[in-house]
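1. got a predicted model here, sequence first, then my questions.
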Amino acid sequence: MGRYSAQFRNQVVKKLLPPENRSAASLAREYNLSVATIYGWKAKMKQGTLGEEEGVVGNKSRPLEEKLTLLLESGRIPEERRGEWLRGNGLHTEHLTVWEQEVREAMRKGVLELREELKAAKKKIQEQERELARKEKALAEMAIVLAIQKKTAELLRGTEAGE
């Protein structure tokens, strides 16, 4: 259960219950979770082991995936209900602003890392192509040497027989 904060898990499980009565499948799609994960959280809530304080993660420590999910959800909340939604998730509007910057930075870093990996892969391919060309050239030269040796051996056999 360490991947998601207790606040997040409780928020998702509460949507299964009245008044929302959402299906686990719809919540799974919305939050990109497995249905089994949601049912597991619900079972722990029924057992009383999904407590509010268990594994509480500060808003700075929430995983980036959870922050993005909450950011996306916040965009779907009507303005008149936003304060209630923020309080229900233990958030302030500043959190959303900071998280948006964090998500943008993570995406930028990801793009830069992918570019570096692509650059390294292209360089490796060029090196392998040069090595392959060198080996093909050496192979062609060896084929010529073998052909000359064979021809020379045939000529020598022919001159020995004709003596």
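-> Right, received. Where do you want to start?

2. tell me the secondary structure for the spatially most central residue of the chain?
-> Nearest residue to the geometric centre of the chain (C-alpha atoms, centre = their mean): Gly110, 9.4 Å. State at Gly110, reduced to three classes by DSSP: H, G, I helix; E, B strand; the rest coil: helix.

3. and the helices in this protein, which stretches?
-> With DSSP state H as the criterion, the chain has helices at 6-14, 24-31, 35-47, 64-75, 79-88, 93-162.

4. who touches stretch 10-24?
-> Here stretch 10-24 makes contact (C-beta atoms under 8 Å, 6 or more residues apart in numbering) with 27, 31, 33, 35, 38-39, 41-42, 45, 50, 52, 88-89. For the C-beta atoms, the positions are set from N, CA and C on the backbone; glycine is no exception.

5. for that stretch, buried residues please.
-> By neighbour count on 16 or more other C-beta atoms under 10 Å, the buried set for stretch 10-24 is Asn10, Gln11, Val12, Val13, Lys15, Leu16, Ala24.

6. pLDDT added to those, as TSV?
-> Putting those into TSV (pLDDT from 0 to 100) gives the following:
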residue	pLDDT
Asn10	79
Gln11	81
Val12	86
Val13	85
Lys15	87
Leu16	84
Ala24	90
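
7. which intervals of this protein have sub-threshold pLDDT?
-> 1-2, 47-60, 161-163 (pLDDT under 70).

8. kindly recompute the last result at 90.
-> Regions of the chain meeting the criterion pLDDT under 90 cover residues 1-22, 27-34, 37-73, 75, 77, 79, 81-103, 157-163.

9. measure Arg81 to Leu91 for me?
-> Distance, Arg81 to Leu91, by C-beta to C-beta, to the nearest Å: 13 Å.
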